[in-house]
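Undergrad: Pasting a predicted model and its sequence here:
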Amino acid sequence: PDTDAAWRSVQARMHGARMHGARMHGARTQDTHTDGPRMPVEPERPVQGRADVPHPAVPSVKPVPVRRTLPTAVWAAAAVTLLLVAFGWAYFTKNQEPQLVAVSTQNNTYEKTLPDGTKVYLNHNSTLTYPEGLAGDTRAVTLTGEAFFDVARDAAHPFVIDANGTEIRVVGTSFNVRAYNEVVRVEVKTGKVEVRKSENKIKLLPGEGVEVRKDTLLLPIQTGANIASYSTQVFEFTETHLDEVVRTLSEGYHVRVELANASLSQCRYTGRYVKEPLDATLSVIAETMNLTVKRVGDTYVLDGNGCQ
């Protein structure tokens with residue numbers, strides 16, 4: 001509907017009614033109001049929001065908090081979901097392969113303490129690999145090169161070394177493993193050690209050793225006092241053939257030490273050296289046995305007339 005048109009219509013009717021009333025009133029009072037024209041009176045429009053017009057009171061409304069509770073079935077479903085997630089995570093972590101840790105040396109030695117407390121002293125050009133945490137039914141490691149092991153005792157979890165296909169199994173003991181190639185040499189310092197290759201196995205006691213060759217043959221050997229001298233830098237010789245002396249010094253100091261002639265190999269030597277420089281050690285040996293020592297490139301050579 002046209003509100004403006006309706007309002008104009010009402011105004012017109014009101015104006016007409018007032019004009020009629022004015023004429024009637026003018027007829028009665030003509031002689032008292034003849035000195036001027038009469039002004040039409042406009043009707044008053046209603047004014048919205050006037051202060052003199054009372055408004056109805058508006059009631060005050062305050063929101064009331066509503067506590068919503070989840071149905072029991074929803075809580076049960078959430079609990080089951082949490083349990084499934086927990087079991088799934090436990091299964092995943094249990095069956096996940098642990099990461100491997102590799103410790104390697106080149107022209108140096110290195111001492112490493114494993115997570116179980118076992119101490120390993122790696123010789124030059126060696127690599128030890130083991131699973132992170134060293135967890136499982138066995139404490140399994142892999143060795144390429146040479147290392148001396150001082151194994152922490154744990155009867156429930158045997159310590160097992162894979163050295164180029166030869167298995168060495170212990171509980172708590174100390175021993176040296178040399179495995180630079182297919183020939184593997186194991187020498188025991190303390191405790192008991194089991195060495196296995198294919199179907200052959202042998203158990204070793206302190207002072208005993210074994211050499212394992214690629215044809216699985218196990219050759220018992222006698223160990224000396226210089227097991228892992230590369231790690232201790234302690235060298236002991238008691239009536240030791242001179243060719244064995246120079247071999248031990250070569251391996252312990254990682255240099256070449258040679259005899260000038262084969263007749264010197266059967267000479268015997270007794271002496272003990274603790275963390276001495278190689279030059280000093282060879283000088284004492286030469287002085288003791290009436291020999292001379294000279295250096296040719298990176299090789300030390302002992303020369304003389306042989307044993308008297």
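TA: That came in fine, so what should we check first? Residues are numbered from 1 along each chain as shown.

Undergrad: When you work out contacts or count neighbours from here on, use the C-alpha atoms and nothing else.
TA: Fine.

Undergrad: Next one: Glu146 from Val301, what distance?
TA: Here Glu146 is placed at a distance of 26 Å from Val301 (C-alpha to C-alpha, to the nearest Å).

Undergrad: If you count surrounding residues, which of the two has more?
TA: Ranked by neighbour count (other C-alpha atoms under 10 Å), Glu146 and Val301 place Glu146 first, with 25 against 18.

Undergrad: same for the helix or strand hosting that one, what does it pack against?
TA: Counting by DSSP states H and E, the element that carries Glu146 is strand 139-150. With contacts taken as 3 or more C-alpha pairs under 8 Å, 6 or more residues apart in numbering; DSSP states H and E, strand 139-150 sits against strand 119-122, strand 127-131, strand 159-163, strand 174-179.

Undergrad: closest to His241 out of those strands?
TA: strand 174-179 (21.8 Å; C-alpha to C-alpha).

Undergrad: Who does the closest one pair with, and is each partner parallel or antiparallel?
TA: Paired neighbours of strand 174-179 in the sheet (DSSP bridges): strand 139-150 (antiparallel), strand 184-190 (antiparallel).

Undergrad: Tell me the first helix or strand C-terminal of the last one.
TA: Next along the chain after strand 184-190, taking DSSP H and E as the criterion, comes strand 193-197.

Undergrad: I'd like the helices and strands packed on strand 139-150 laid out as a markdown table, including distance to Leu259 and mean pLDDT.
TA: Shown next, in a markdown table, are the helices and strands packed on strand 139-150 (distance: least, C-alpha to C-alpha, whole Å; pLDDT from 0 to 100):
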| stretch | distance to Leu259 | mean pLDDT |
| --- | --- | --- |
| strand 119-122 | 28 | 97 |
| strand 127-131 | 31 | 97 |
| strand 159-163 | 32 | 97 |
| strand 174-179 | 24 | 95 |
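
Undergrad: Select, out of those, the one closest to Leu83.
TA: Of all the helices and strands packed on strand 139-150, strand 127-131 comes closest under C-alpha to C-alpha, at 29.5 Å.

Undergrad: how much does that closest one deviate in direction from strand 139-150?
TA: 140 degrees (axes from the mean of the first three to the mean of the last three C-alpha atoms, to 10 degrees).

Undergrad: do you know which of the helices and strands packed on strand 139-150 lies nearest Asp150?
TA: strand 174-179 (4.3 Å).

Undergrad: Could you export the closest one as PDB, CA atoms only?
TA: Extracted C-alpha coordinates of strand 174-179, given in PDB (Å, rounded to 0.1, in the frame of the first residue of the first chain):
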ATOM      1  CA  SER A 174      86.600 -59.400  27.700                       C
ATOM      2  CA  PHE A 175      88.200 -60.500  24.400                       C
ATOM      3  CA  ASN A 176      89.600 -59.200  21.100                       C
ATOM      4  CA  VAL A 177      88.300 -59.800  17.600                       C
ATOM      5  CA  ARG A 178      90.300 -59.300  14.500                       C
ATOM      6  CA  ALA A 179      88.200 -59.500  11.300                       C
END
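
Undergrad: angle of it against strand 159-163?
TA: 20 degrees.

Undergrad: Tell me where the chain has helices.
TA: For the chain, helices defined by DSSP state H occupy the ranges 3-28, 72-95, 229-232, 242-253, 278-288.

Undergrad: which other helices and strands contact the third one?
TA: Contacts defined by 3+ C-alpha pairs under 8 Å, 6+ apart place helix 229-232 against helix 242-253.

Undergrad: What sits closest to Asn108 if chain neighbours are left out?
TA: Nearest residue to Asn108, sequence neighbours excluded (C-alpha to C-alpha, 6 or more residues apart in numbering): His124, at 5.1 Å.

Undergrad: Please give me every residue in contact with that neighbour.
TA: 105-109, 145-146 (C-alpha atoms under 8 Å, 6 or more residues apart in numbering).

Undergrad: Could you rerun that using 7 Å?
TA: His124 makes contact with 105-109, according to C-alpha atoms under 7 Å, 6 or more residues apart in numbering.

Undergrad: same thing with Val257?
TA: 246, 250, 299-301.

Undergrad: Which among those residues count as buried?
TA: 246, 250, 300-301 (16 or more other C-alpha atoms under 10 Å).
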